[in-house]
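Engineer: Got a sequence here, can you model it:
(chains A and B)
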Amino acid sequence: MTTETQSGRARPEAIKAVPVRHPGRWVAIAVLAVLAAMFLHLVLTNDRFNWRFIFVTMGEGKRGAMFTGPVLEGLRGTLLLTVVAMLIGVGLGIVLAIMRLSTNPVLSGVAFVYTWVFRAVPRLVLAILFGNLGILWERIGLGLPFDRQIGNLFGIHDLNAQFYSIKATDLLSGFLAGALALGLSEAAYMAEIVRAGIQSVDEGQSEAAAALGLARGQVLRRIVLPQAMRVIVPPTGNETIAMVKDTSLVAFVPVSFELFFQLQAISSRTFIVLPVLIAACLWYLIICSVLMVVQFFVERHFSRGYGTAGKARMRLSGLSAEQGGGAVPTSGPGGAGA
Amino acid sequence: MTDEMVRADNVHKSFGSLEVLKGIDLVVKQGEVSCVLGPSGSGKSTFLRCINHLEKINAGRIFVDGDLIGYRERGGKLHELKEREVAAQRRAIGMVFQRFNLFPHMTVLQNVMEAPCRVKRESKSEVRDRAVALLDRVGLGEKKDSYPAQLSGGQQQRVAIARALAMRPKLMLFDEPTSALDPELVGEVLDVMKDLARDGMTMIVVTHEIGFAREVGDSLIFMDGGVVVEQGPPREVIGNPQQERTKAFLSKVL
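Structural biologist: Residues are numbered from 1 along each chain as shown, chains lettered A, B, ... in the order given. I've put the predicted structure just below:
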């Protein structure tokens, strides 16, 4: 019988079936189209949006609110603050995650306490707190720890073994305090993300690497972390985008070198509130769009050898095919379950 | 030294209160292929993992090529080896796993080159030539730029063997290398292993492939319940088992 089907019969005509109709989709599209038209109408016909003020000019001889010098300066500050805070967050987060997974109870305990504290305190509170740390200490310096106490022990009063010190209010004024507050808080979240990533890598991987004679550091760097990145990158993209927006909190440190602060300054000077807020929305939207593109490429880089994005999409469309729709042909026999 | 490649003296291993190995003695000579048979849970995989110190033993001694594995004996006292020293011992022992454990983010060639480049710090071009030659030997020269996920199970396992060989090991450990494979892919992996055995590689193979054990093995060990029940030349153990337990096991798998 098998030989007969292979040789004796012609291939039947390819199936050209009428696809399943989706009337619900058309209704949804119609509703959305009407809503979109209403929104555009609202935005374009209401003069109070003051698009001229946002894009073209704020007044005699001035650029629009989005593009004036101080706002562009603030934009630069926001971007710089995001980068610095995320560098602190990711770097410290990786260290904390490795500590947390260590077999040494002291290391993992310290990492746990850090995460516990910094996740509990709101970023806004943290930003204000860091701005005011100068109240606690006058000077901050590098040197031998406990130099005064040790000096007292040996009868030397006022022993000073500081190599370098700086007035706390200078060090923690503005930008650095803001970056530290955001970065240290971020590290607590990143630690959890990195930990989840490391734990998602199959144990056989580190075993195989160890069996080949790789040292523990090499196993982590070359084998485990690159695979963990697949799990780490998407939530990190999330965190970065959230960080762009959280930089507006450092206005309370206070830091003036920041986008939202500068835009608000315009509104308090001109008493024009709404267009300024819209300008802020637009800037944040633009930054996030750029970051999403970056994230796409980073994710693609780390999914070498997996093709997970494609697979996930196939799983999803396979699912919709099973539910009786979808234009994707499934290889299995008839997708009509249930 | 003698021509003993592996010597296990009275090896015990427990996981918590569960004793998995209850005194294993074994000698594998240079160039010998030793097959380990037994039901699942008999401790054969655990024993294999003790040989390269992936598991720490609780009592007894394991020597590979005369070196005590995992410890240093000084003044009648055992000192744990540093991580770096354990890694150095493992370099001479290749291991092939049931589930291949290839590095999925690297190409086949990178998988084979990783350890010689990182661990032995050999020159890249030299390692590359050797890796390509090894891949040719296991019949996968054309697949060197593929990722593991693009290969069949049998191909992946052959890459895993090439990866282990790239470190020029003195001893190869195989932990059920064909158990995760479709029946029609088992042969290609066994062929590579036979080829290795012919070349004089010392091998310990935990397997369910009785045919392979009979054809290639120089000795056969039957384990059950954490002890060696019976051992000897494969044809004798398989053809004429002395112990009841061995007879019962063989009657089920043959």
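
Engineer: got the phi/psi numbers for the closest residue to residue A:224 other than its chain neighbours?
Structural biologist: Using Cβ to Cβ, 6 or more residues apart in numbering or on different chains and skipping the chain neighbours, the partner closest in space to residue A:224 is residue A:201 (5.1 Å). Using the backbone N, CA and C atoms, a C-beta is placed for each residue, glycine as well. Main-chain torsions, residue A:201, degrees, to the nearest 10: phi -80, psi 130.

Engineer: Show the contacting residues for residue A:201.
Structural biologist: Counting by Cβ atoms under 8 Å, 6 or more residues apart in numbering or on different chains, residue A:201 makes contact with A:223-224, A:227-228.

Engineer: Mind putting those residues into a markdown table with pLDDT?
Structural biologist: What follows is these, written out as a markdown table (pLDDT from 0 to 100):
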| residue | pLDDT |
| --- | --- |
| A:223 | 95 |
| A:224 | 95 |
| A:227 | 93 |
| A:228 | 94 |
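
Engineer: closest to residue A:89 among those residues?
Structural biologist: residue A:228 (16.4 Å; Cβ to Cβ).

Engineer: Could you check how far that closest one is from residue A:94?
Structural biologist: Computed as Cβ to Cβ, to the nearest Å, the residue A:228 to residue A:94 distance reads 10 Å.

Engineer: and what of residue A:279?
Structural biologist: Taken as Cβ to Cβ, the span from residue A:279 to residue A:94 is 36 Å.

Engineer: what's the answer for residue A:61, then?
Structural biologist: For residue A:61, the distance to residue A:94 - Cβ to Cβ - is 50 Å.

Engineer: Same check on residue B:100?
Structural biologist: Taking Cβ to Cβ, one finds residue B:100 at 28 Å from residue A:94.

Engineer: Next: residue A:250.
Structural biologist: 24 Å.

Engineer: Same check on residue A:37?
Structural biologist: 49 Å.

Engineer: So for those two, which sits in the more crowded spot?
Structural biologist: Shown here are residue A:37 and residue A:94; by other Cβ atoms under 10 Å in any protein chain shown, residue A:94 has more neighbours (22 against 10).

Engineer: residues touching the more buried one, list them.
Structural biologist: A:190-191, A:194, A:225.

Engineer: TSV for these, including secondary structure, neighbour count and pLDDT?
Structural biologist: Shown next, in TSV, are these (DSSP: H, G, I helix; E, B strand; the rest coil; neighbours: other Cβ atoms under 10 Å in any protein chain shown; pLDDT from 0 to 100):
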residue	secondary structure	neighbour count	pLDDT
A:190	helix	27	96
A:191	helix	27	96
A:194	helix	27	96
A:225	helix	18	93
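
Engineer: Identify the bridge partners of the nearest residue to residue B:97 once chain neighbours are set aside.
Structural biologist: Nearest residue to residue B:97, sequence neighbours excluded (Cβ to Cβ, 6+ apart): residue B:175, at 5.4 Å. Beta-bridge partners recorded for residue B:175 (DSSP bridges): residue B:206.

Engineer: my guess is residue B:175 contacts residue B:47, does it?
Structural biologist: No - if you go by Cβ atoms under 8 Å, residue B:175 and residue B:47 don't touch, sitting 10.1 Å apart.

Engineer: Can you list the residue ranges for helices in the stretch 101-250 of chain B?
Structural biologist: Using DSSP state H, counting those that start in this stretch, the helices assigned to the stretch 101-250 of chain B run over residues B:108-118, B:124-137, B:153-165, B:183-198, B:210-216, B:234-239, B:244-253.

Engineer: can you check the stretch 151-300 of chain A too?
Structural biologist: A:168-171, A:175-200, A:203-211, A:216-218, A:225-246, A:259-270, A:274-302.

Engineer: ok so, going back, the more surrounded of residue B:175 and residue B:47?
Structural biologist: residue B:47 (28 against 22).

Engineer: That one and chain A: what is the separation?
Structural biologist: 15 Å (Cβ to the nearest Cβ, to the nearest Å).

Engineer: Packing partners of whichever strand or helix holds that residue?
Structural biologist: For residue B:47, the host element (DSSP states H and E) is helix B:44-51. In terms of contacts (3 or more Cβ pairs under 8 Å, 6 or more residues apart in numbering or on different chains; DSSP states H and E), helix B:44-51 is packed against strand B:4-15, strand B:18-29, strand B:33-37, strand B:59-64, strand B:171-175, strand B:202-206.

Engineer: Grab the nearest non-local neighbour of residue 100.
Structural biologist: Using chain A. Residue A:100 sits nearest to residue A:111 (Cβ to Cβ, 6+ apart), 4.0 Å away.

Engineer: Can you look at chain B instead?
Structural biologist: residue B:156 (4.4 Å).

Engineer: And for residue B:109?
Structural biologist: Counting by Cβ to Cβ, 6+ apart, residue B:109 lies nearest to residue B:144, which is 4.1 Å off, once chain neighbours are set aside.

Engineer: give me the number of residues near the residue in the stretch 151-254 of chain B positioned nearest to chain A?
Structural biologist: Proximity of the stretch 151-254 of chain B to chain A (Cβ to the nearest Cβ) peaks at residue B:167, 6.2 Å away. Residues within reach of residue B:167, counting by other Cβ under 10 Å, total 20.

Engineer: Next one: the residue nearest to residue A:224, what pLDDT does it get?
Structural biologist: Per-residue confidence (pLDDT) for residue A:201: 95.

Engineer: cool, residue A:161 as well?
Structural biologist: So, for residue A:161, pLDDT stands at 70.

Engineer: so what's it up against?
Structural biologist: So residue A:161 contacts A:143-144, A:147 (Cβ under 8 Å, 6+ apart).

Engineer: Over to it: give its phi and psi.
Structural biologist: Dihedral angles (degrees, to the nearest 10) for residue A:161: phi -110, psi 40.

Engineer: That one and residue A:155, how far apart?
Structural biologist: In this view, residue A:161 and residue A:155 are 16 Å apart by Cβ to Cβ.

Engineer: Can you flag the buried ones in the contacts of residue A:161?
Structural biologist: Buried members of these, counted by 16 or more other Cβ atoms under 10 Å in any protein chain shown: residue A:147.

Engineer: Distance to residue A:218 added to the contacts of residue A:161, as JSON lines?
Structural biologist: Putting those into JSON lines (distance: Cβ to Cβ, whole Å) gives the following:
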{"residue": "A:143", "distance to residue A:218": "36"}
{"residue": "A:144", "distance to residue A:218": "35"}
{"residue": "A:147", "distance to residue A:218": "39"}
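
Engineer: Restricted to helices, list the contacts of residue A:161.
Structural biologist: residue A:147 (DSSP state H).

Engineer: Between the contacts of residue A:161, which sits nearest residue B:40?
Structural biologist: Nearest member of these to residue B:40, counting by Cβ to Cβ, is residue A:144, at 60.2 Å.
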